Structure formats: structure tokens, C-alpha cells
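Trainee: fold the following and give me the result.
(chains A, B and C)
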Amino acid sequence: MKRRDFLKSVSGIAAGAMVPAPAIWSSARADARSETLLVVTEGGPNNLDIHGVGTNRPGYEASWNCYDRLISHETKTLPDGTLSYDRDKFKPELAEDMNLGDMSVTFRLKKKAKFHDGTPVTANDVKWSLDRSVSVGGFPTVQMKAGSLESKDQFVVVDDNTVRIDFAKKDRLTIPDLAVIVPGIYNSALLKSKATEKDPWALDYTKSNTAGSGAYKVTSWKPGVEVVYERHDDWVGGKMPQLKKVIWRTIPSQGNRRALMERGDADISFDLSSKDTSEMKKEGKLVIISNPIGNGMYSVELNVKSPPFDNAKVRRAVAYALPYQKIMDAAMFGLANPLFGGASNTVTDIAWPAKTGYVNDMAKAKALMAESGVSGIDTTVSFDLGAGDICEPIAVLVQESLGQIGIKTAINKVPGANWRSEMAKKSMPLMVNFFSGWLDYPEYFFFWCYSGQNAIFNTPSYVNPDMDALIDGARAAAAVGDKEKYSRNVEGFISKAYDEVPRIPLFQPFLNVATQKNISGYVYWFHRQLDYRSIVKA
Amino acid sequence: MSEASLTAAPTTEVQPKPPANSIFRHARYVVAENPVTGLSFGLFVIIALCALIGPYIAPYDPLASDTSATLQSPSLHHWFGTDLLGRDIFSRVLVATRLDFVIAVASVALVLVMGGLAGIAAGFFGGWTDRIVGRISDTIMAFPLFVLAMGIVAALGNTVTNIVIATAIINFPLYVRVARAEANVRRDAGFVQAARLSGNSDFRIVMVHILPNIMPIMMVQISLTMGYAILNAAGLSFIGLGVKPPTPEWGIMVAEGATNIISGEWWIAFFPGGALMIAVFCFNLLGDGLRDLVDPQRRT
Amino acid sequence: MLTIVKRLVTVIPTLIGVVIVTFLLTRVLPGDPAVYFAGPAATPQSIAEIRKTLGLDRPLPDQFAHYVNDLAHGNFGNSLSTGRPVATEITSRLPASAELTLLGLFLAIVIAVPLGIFAAVKQGSLIDHLCRIVATAGVSLPVFFTGLLLVYIFYFKLGWSPAPIGRLDAFATAPPDITGFYLIDSLVTGNFETFRASLSQLILPAATLAIFSLAPITRMTRASMLAVLSSEFIRTARASGLDDRTVILTYGFRNAMLPVVTTLGMVFSFLLGANVLVEKVFAWPGIGSYAVEALLQSDFAPVQGFVLTMAVLYVALNLLIDMLYSVIDPRVRLEA
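Mentor: Prediction:
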């Protein structure tokens, strides 16, 4: 019997045996249920404030939904009917309007904006919050810096309702940077009362309490178990959300999450594995939405600082040895955009991520290895266990294929929390890794991953002055709107990166979500977390 | 004897022959009286055989992936189906026998040497040796055992060696206790005193006289530990601290396949799980059988 | 009383050993919390800063002294990943694990003890062998596999059991926190709806633990009963004409209980360890899952706190069992 038939027959029986709602609920609770959303994911937040030290990605979700920013993005409809944020169109959120000057931008705040505790939002709150984001250090400050927002002096209170942000230099990324999660607006009066000498920004308080003006506030948080949100009925940042209550439960077991969805006991399962996604799509019991992750790719990365991968021929040999299609099938079940097999390594447009010219060609790979003069390589391929679903099959296939060109690899699974440390050490010779940038511009990706500042994300430790010149050139061109120079530089750095291939792009993965059939309004965001504000439950 | 009078089951071996080869006779008696024990002995032989020749008779290369044939249910081509990467599960289960057997045997050998000798020393010499060994043993026992294993493997790295070491450490107290009790009992036995009088050194007494005498009792514990070692490795794999991929090992195959039960690919976890269960089952029952063989008084 | 004090004194070196070993073990764990918390795009300076704030740059003996000092003040440190004091997290999560383990143990006893008695009485028969096979089968599968299998059969296929979503369904409210045990708290406040809800969530994970602990309890009961049933006073009782039931239960079992109680202690501490896997499968918010998450993130404080708590519990349990001994068996009391 085919697996599909087996599954169909079995799910038919299960469907028949399924009761619409568990019998333990009374009818009163059933009403409350229609206005409550139950979201299940593998992990939960370790901090409700993105400014906190070591806040994890689920923590970003709490910040996104509970805090407003001055501006946000419009929504657009994609060709397949799903919704996504619109990278190029901004809309006011906490600000009423935005006046772009030459070297500054002025925002007028919405007059009726109130924090969760009822106090009005003023320009002082905005300045305090922006000051906070550039002062707390760590990731938030670095993110602000990416948009040239570095100093408190840049944030000026014009009057009670008006804020001006001065530019340090012209940077195309400044405005988009104001719409990311980091520059959220905090209730400065409340937080100042909670601040201490050791903790002037009240980071301790915001770790487990939300002090914002966003559409939702956290009313209960049990770390590792659940987060309960309730709607802020005085929200002015956009259209009032339909859902009064959101419960976000942590269910570590993937199989159980799937069981919950298929039995109708949860509303949304966020960030599904590709396998579950492809199977659940076929079953058709739930709504499955997949979006390519913007400015993101999985790649095989080679440490160019030390032998044998400091030899470009060896790297190219590896690039030809990889079984790309097999990798995409095994790791993503086809739910990804291929980044291989393009016309050539020299690209002719600025579309990003772009396909490399590499294909699986064992003969060429072996020839390049022979040319390189390096032989008998014995190395390790490492990956983040937290992304093991995807990375493990890739690692196994990489091991297999490299074995055929004389490169022996051992597989090294690095536990999720240690992955960052390992990346920081910059000692891993070969890795399967993923990077995605919030600001969907190629120069942003290259700034983090290929430039001479040798940031933690530049895992190959690739430092090349010509590359830096191209990246800087692109950024400068973007700042003044020089389209021709911009294209030239972007095409230049992409082509150079693909030719020297310290990083071998594999594919652009999809972000997958499963919802019950009565849920709509899911919007894909660049931060890859769930936005509850647009969700509607029929 | 009172046990004999209360034993209800009739024996099938009724010939009162002269006790020629008493061990085998005794063994046959025990096995016949308790067919389950006989079954487990036979099973053990089969498992050992698989461990020995498994890699040579596996139809496919356990490491060869084939992405065109992923997640196939059991069929004529692939008796146990294929996994996420298209590898033949039957071959992998077969080849994994050797690794799991090695894990089991190595863990047991290590803890037998460490715990057995420490326990004998504690029981035989008494005094400070006893106290120190006792403290170490108590300290280990005070830890939630599985978490201790996790901690050791996490700290040292997840290789087969470290898994074996971790299993040995957490079973240490048990072996110390049994060995100590046995050594204590025999410390002042006649034959030991005779050996001492003959001028044997303490070391020789321990190695030549005491150790062989307590071995039969330890045998029972050994088989139970073998089963436990395999289960331990499986639990560690579930957390992500087991053997490294793509090594075929029952535990990690079960852990990986467990998430697929809901999506209907039952065979990925079922067959390695079944093999694991049969092996542990066999070892446990073997322990019972050995106990019956060695010390019928302690029959459970 | 004096015996209890004496016992406590002997326990102290063990606890010291536990503290030292945990400390060392967690310091040897790979992964650098400083880098983890410096976050993405960390520079060597920010990493060094964070390391200083976390106190990780001081020499090991220094850190240990600090740690012991904190412990003496009841300060178990803060979890780096949740930022909360470890002591509060453990006290809030302990009842969840304890409730689960106790219910599992209870289920195991209720099934295993009669099974053991039955097997002993009908020794050598088919039932005896069947009991042995069933009990051994339960302990031959990895506990997480049993758990997932139960979820698959009873929740996914049959729908008899509620979603494995934790202690309570997302839409139900927890009872007021008196003992932390949902079953007790809901009964005490008369909230039968919540009682039913928490019980139904407890059944599958407790059953998983119970299946795993059947074997040792059954075996011990059987062995103990066999030993007792073959003793002289039983022969006398039978000879005196007492009926089977009285002989087996009143005389036999009571005397056989002692080793069974010891085994229970061992099984309980074993379950405390197996807990971590079951908690992972059933999304149970107990200390097991807490410790595992922390361990995998190289977060020292929760792991140390967890191990210490377990060690203290284990010691307390042994003490309790010893006291129980003297209640059950007067001979022990006299000896002591």
C-alpha cells in the first residue's frame, strides 16, 4: 500500500472519530475561543524585550507585537494570493506623518496614542526609546548602526508631539531601519521609575513586562511554557486587530505540534519543517502558506583563512562537487528557490539572492582538485543542531559527495546555543550555515557576510579590499540614488563573490506556516516572526 | 528443600543421570524449566551473530543515500523501507547491531572493572577504602542518573567512547554495592583465610580467589546493564547528545524516526525500535536466566 | 531522633561531593555563554564586557567560592536564558514534575504489586511468564518512544486523550496555587472541572512513566513474595487452616513489603531522571525540561540548581524510607 493511501485511510478514520471541540469545554468557553488565537511553536521567548541581553528570536515576536515603531511597512499581495510586507512602501504607525528633509526626517506623533497603562505617548518617550536602542549595546545597537543611527544626538525632540532624526550621513538604509523591530517606543516614564543605577534602561523590568503602546500586551509569561497576550483596546497604530487574546504555547515535539494542528486543537503552527509542510499541503486539511525568506540563503561556507580552503581551486572544486538538486530535495522537499545552475557566475542584474553558475559536475570537480595540487584532505563539516532538520541531510550529502573528490569529512553537530560561540571563534573549516538580513538589499547582505569588518556572520573570514570597495561603492550610490553606479557595484560584488566562492549558495529557503481553515490575514514579515495584528479568525 | 516443594511447574528433564558435566546439566535443567530463558539465550546468540557478520551480509550500504527513494514503506526492494535520505533501513538496523552491541559490552566491561574492583576493595579491605568508595558511590547515586549522563556527554563531546564512559559512571554505584556485599561476605571465609595463611598477597587473593567467586553474581547485573546501556544511548540521541550522524545506531534511528510517526512513516522508528526492544528484552531475560543458573535462591 | 541526626551527618559529604561535581561539570560544558549573550554581530570587546558582567573571567576557585557563598544564602543564581532566579523557577516547576512522578509511581504500584503477588502465587505457570514478559517489555523500550507511541495511539488516532500540550489545556485556568499540585489544589477548592482537566492531561505522561517502572517493582514484589511464601511461618499459617487470602495478603505481603519499599525508593529516583525525556515529549513544564534546556544552552545555574534539588530530594527520600522501614518492620527499629 502506498504511504499516501495508508495515510488517507488512516486520516479518514481519524477524521470520523474527531470531535470538533474537546468535550471538556463549556459553551461559554467556546465563545471565548472564537476571539482567542492559539499559536504553537517549538520554542518560546527568553526575554520579551529585543533590547535585552541575549534575547532570542521568539523574543523578537513579543517585542514586535507589543511595541510600536514610528513607521511600518504596507502590505502587498503576492502572485500566489498570500500577503507580505512591502519593502518599498512605508506607512505611519506611531507617527502621523513623515517629512523627509535633506539630512533629517521629522515625525509628528499621533495625538491619541496611548501606552498600555493609559498614559499618552510623547516625543520624550520616542527620544528616550531611540536613545536606549543605540545605548544598550549588543545586537540592537549594531542593528541601529546598520542604518547609520548611532548617536543619541541624532534624536531631537522638537516639541511634545514632534521628533526629528538627524542623519550622520546619507544612507539609504536609515528609513527602513526605523521600521525594524529594534527602534520600538517604550513607556519612558514607567521605565524610568523602574530603572536603577546598575540598570538605567530598566532592562530587567522589560525582560518580563511589556511597557509599550503596541496592539497587544503580555498579561502572563511562563518561560518555556506559554505567553498570553491581550489586546490593547486603545491602539492607534493601525486597524484594530480582531483577536482579543493570543496564547502562544511552546510544544517542543514536532510530531505533537503536527498532531495538534491536524486534530484542530491549535490554530497556527509557525515555522514548520519542510517535510511536514509538503505532506500537510498534500493532505489539504489545513491552510499551508510558504514564503521565500527574503535576503536569505543556506550555503556551504569554507574558511578561507587556512588550508586547504584558502586555495580558490579547491573551493571551486567543492562548488562543482555538491549534489545541489539532491540537497534541495532531501533538506527542503522542494520548498526552496534554487541558487545554483544559473547562466554564469557573472550576474547581469541586481536580483538577490542570485543563482550561481555552479552545477553538480563531478568530472569538473575532480579536474579542479587535480589542478589545485592539494590532496588527501581530512576535515569536519559543522552545522547548527538547532536547524538540524535542514542541515543534517545537507551535511550527510556534502560528506558523501566530497568523499568522491578526495575530501574526507567528519560531521560535527553543534548544539544550538553554542553555534554563535563557534561562529565567533572563526575556526570551523567547513560549515552549513544560514543567513538572512532584515533589510532586503544585497549590499546589506554583503556588508554582514563579505566585508572586511569580518563580522561574526562573515564565517569564511573573507577579507578582500576589492570586495570592500564594491560594497562601499554600492552603499554610497544607493545613498544618493545613483542607479547606474549602484547596479554596476552590486553586479560586481555578486560576481566576485561567486567567482571566488568562499561561500557556496545552495538555496533560498521558505518560511512555512500552517493554519486552520478559518484563519486568514497571515502576513510574511522580514523578521520571520508572526504578526498577530492582522490575523482574523472566522 | 523448601523451594523444590513449592515449585509448581514440572520439569521436562526427569532422567536421574549421574552428574557427569554438572554445569551443562544444570543449564539444561534451568533452560528447560523456564522456556523463556531458553528463548533469551537463543536470541542472544542471534544478536551476537548479527553483530559479527551484519556488515558483511547487509544488502545495501548503510550510509549510501538515494534521494530518489526517500521515505518508501517496506517493500520487496527494501524490507524495512527507506528513511529520510533514502537509505535502506534493514541494512542500517543490521549494521547498527554491531555498534549497539559494542556499546553494551564496552559499558559493561568498563563498569565491571571499575565498579567491581572498587567494590571488592571496599568490601575486602574495609576502613578508609570502604568509606571513600562509599562516598563516591553515594555522590554519583545522588544525581539524577540520566542528567548526569547528559552532562558528561555534553561536557566531553558526543562520541561513542564518551557515551560508554558516561554509562559506566552512572552504573558504578550499583556494581560497587553488589561487589562490596559479596566481598564482605567472603572476606572471612575459610578459603580466603587459608590463602592468606599460605602467604598470598592481598592483591593475589582479590584477583585469584575473590573475583572469580563473585563473577557469577555479577553476571546477572551485567546483562541488565547491557540493556540499560543501549536505552541510555537512545535517550541521549533523543536530546541530541547521541552518536554522530550518519552512523547507524538503533537509538538515534528511533529518535529520528519518532517524529515521523505522526506523519505516518511508522517504519522509520518501528524497525530499529523493535530491534532495540528485542535486544534489551533479551538481555533482561538473560539476566533472569543467569541468575537462575548461578544462584537459584535469588530467583526473581 | 539521634539516628536521624546521625544519618544527616553522613549525608553531608555526599552533598558536598554533589556540589563540587556539578560545579566542575557545568564549567566544562562547551559553549561560551558570554558569546551567546553578546548576541549576533558581537565584537570581541562586547564579548569581553559580557564575560566580565557574568563573572566568568575570574579564576575557577574564585567562582566556586562565590557559588558556595550564594548557596549558603539560598541564592541559586540566575538562569541566563530566562533571566529569572533559579530558585524561584525550581520552586514553581517542581510541583509539576513531582505530581507527574508521583502519579506515575502510583499507577506503577497499583499495577505492578498485584501482578507481582499474582506471579509469585502462581509461580512457574503461564501467568507467571506472561507477567514477566509484560513487565520486561515495558522497560525494554526507550521511555520517549513509549511516550510518543502513546500520544500517537491515544491522542492522534483514537482521540481518547487530550492534546499533549502541557499540564492544562490552553483555554482552561489553573487552580489557585496552594501546593502547586493541580490535582490537590483543584479538589481542595472544589473545582471539579479543573480536576478532570488536569487529570486527563496527566494520564498519558504518567502512564509512560508507569510502563517504564513496572518491571523492577513487579520483579521485586515477586521475589520478595516468593521468599516469604516459602518461609516457615507461612507454612504454619497454611497448616493452621487459614484461607489462602489471609495467608497471602495479611501474612505474606506485609512481610514482603520491606524490599519492595526499598525498590520504590530506587525507582523513584530513577524516574526523576527519566522525567526529563517524558517532559520533553509531553511539553510538561517541569524541572526536567527546565534542566535539559539549560544544559543544551550551557546555562550553568539552572543545571546546578536542578541537580542539587534532586540530590536533596533523593537524600530526603532515603531518610523517609528508612523511617518507613521502622514503622513497617519493628525488628528494624529494635536493631537501630
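
Trainee: list the contacts of A:Val218.
Mentor: Residues near A:Val218 by Cβ atoms under 8 Å, 6 or more residues apart in numbering or on different chains: A:48, A:62, A:66, A:209-210, A:227-229. The C-beta positions use only the backbone N, C-alpha and C, and glycine is treated the same way.

Trainee: let's see 6 Å
Mentor: Contact analysis of A:Val218 by Cβ atoms under 6 Å, 6 or more residues apart in numbering or on different chains lists A:48, A:210, A:227, A:229.

Trainee: my guess is the last one is in a strand, correct?
Mentor: Yes - per DSSP: H, G, I helix; E, B strand; the rest coil, A:Tyr229 lies within a strand segment.

Trainee: ranges for the helices of the stretch 1-150 of chain B?
Mentor: With DSSP state H, counting those that start in this stretch, the ranges of helices along the stretch 1-150 of chain B come out as B:2-6, B:22-33, B:35-57, B:89-111, B:117-125, B:127-142, B:145-156.

Trainee: can I get the ones you listed in JSON lines including distance to A:Tyr441, mean pLDDT and mean neighbour count?
Mentor: JSON lines is the format used below for the helices of the stretch 1-150 of chain B (distance: least, Cβ to Cβ, whole Å; pLDDT from 0 to 100; neighbours: other Cβ atoms under 10 Å in any protein chain shown):
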{"stretch": "helix B:2-6", "distance to A:Tyr441": "84", "mean pLDDT": "43", "mean neighbour count": "11"}
{"stretch": "helix B:22-33", "distance to A:Tyr441": "76", "mean pLDDT": "69", "mean neighbour count": "15"}
{"stretch": "helix B:35-57", "distance to A:Tyr441": "53", "mean pLDDT": "85", "mean neighbour count": "16"}
{"stretch": "helix B:89-111", "distance to A:Tyr441": "46", "mean pLDDT": "91", "mean neighbour count": "22"}
{"stretch": "helix B:117-125", "distance to A:Tyr441": "65", "mean pLDDT": "84", "mean neighbour count": "22"}
{"stretch": "helix B:127-142", "distance to A:Tyr441": "57", "mean pLDDT": "84", "mean neighbour count": "18"}
{"stretch": "helix B:145-156", "distance to A:Tyr441": "40", "mean pLDDT": "81", "mean neighbour count": "23"}
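
Trainee: tell me where the model's unsure across chain A.
Mentor: Applying pLDDT under 70 to chain A flags residues A:1-32, A:417.

Trainee: how about the residues of it near chain B?
Mentor: Applying Cβ under 6 Å from any Cβ of the partner chain, one finds that chain A approaches chain B through A:3, A:7, A:254-255, A:258-259, A:279, A:326, A:329-330, A:385, A:392-393, A:396, A:411.

Trainee: what about the residue nearest to the spatial centre of chain C, which helix or strand?
Mentor: The centre of chain C sits closest to C:Leu272, judged by Cα atoms, centre = their mean, with a distance of 2.5 Å. According to DSSP states H and E, C:Leu272 maps onto helix C:254-281.

Trainee: ok and that helix relative to helix B:145-156, angle-wise?
Mentor: 40 degrees (axes from the mean of the first three to the mean of the last three Cα atoms, to 10 degrees).

Trainee: what residues of helix C:254-281 count as buried?
Mentor: Across helix C:254-281, burial judged by 16 or more other Cβ atoms under 10 Å in any protein chain shown covers C:255-258, C:260-281.

Trainee: what's the closest residue in space to A:Lys222 that isn't next to it in sequence in contact with, if anything?
Mentor: Computed as Cβ to Cβ, 6 or more residues apart in numbering or on different chains, the closest residue to A:Lys222 that is not its neighbour in sequence is C:Pro285, at 6.6 Å. Contact partners of C:Pro285, counting by Cβ under 6 Å, 6+ apart, are A:225, C:96, C:166.

Trainee: contacts for stretch B:38-55, please.
Mentor: B:31, B:94-95, B:97-98, B:101, B:279, B:282, B:285-286, B:289.

Trainee: mind running it again at 7 Å?
Mentor: Applying Cβ atoms under 7 Å, 6 or more residues apart in numbering or on different chains, the contact partners of stretch B:38-55 are B:31, B:94-95, B:97-98, B:101, B:278-279, B:282, B:285-286, B:289.

Trainee: show me the shaky parts of chain C.
Mentor: In chain C, residues with pLDDT under 70: C:1-4, C:30-33, C:35-44, C:54, C:329-336.

Trainee: what's the angle from the helix or strand where C:Ile90 lies to helix C:254-281?
Mentor: Following DSSP H and E, one finds C:Ile90 within helix C:86-121. Inter-element angle recorded for helix C:86-121 and helix C:254-281: 130 degrees (by the same axes, to 10 degrees).

Trainee: give the buried residues for helix C:86-121.
Mentor: In terms of neighbour count (16+ other Cβ under 10 Å), helix C:86-121 has its buried residues at C:86-87, C:89-90, C:92-105, C:107-109, C:111-113, C:115-121.

Trainee: again, but for stretch C:228-245
Mentor: C:228-230, C:234, C:237-238.

Trainee: now do stretch A:55-62
Mentor: Buried, per 16+ other Cβ under 10 Å, within stretch A:55-62: A:55-56, A:58-62.

Trainee: tell me how many other residues crowd the residue of the stretch 351-500 of chain A found nearest chain B.
Mentor: As assessed by Cβ to the nearest Cβ, chain B sits closest to A:Val396 within the stretch 351-500 of chain A, at 4.9 Å. Counted by other Cβ atoms under 10 Å in any protein chain shown, the residues lying close to A:Val396 total 23.

Trainee: spit out the contact partners of it.
Mentor: With Cβ under 7 Å, 6+ apart, A:Val396 has these contacts: B:65, B:85, B:245-246.

Trainee: again with A:Gly473
Mentor: A:Gly473 sits next to A:485, A:489 when contact means Cβ under 7 Å, 6+ apart.
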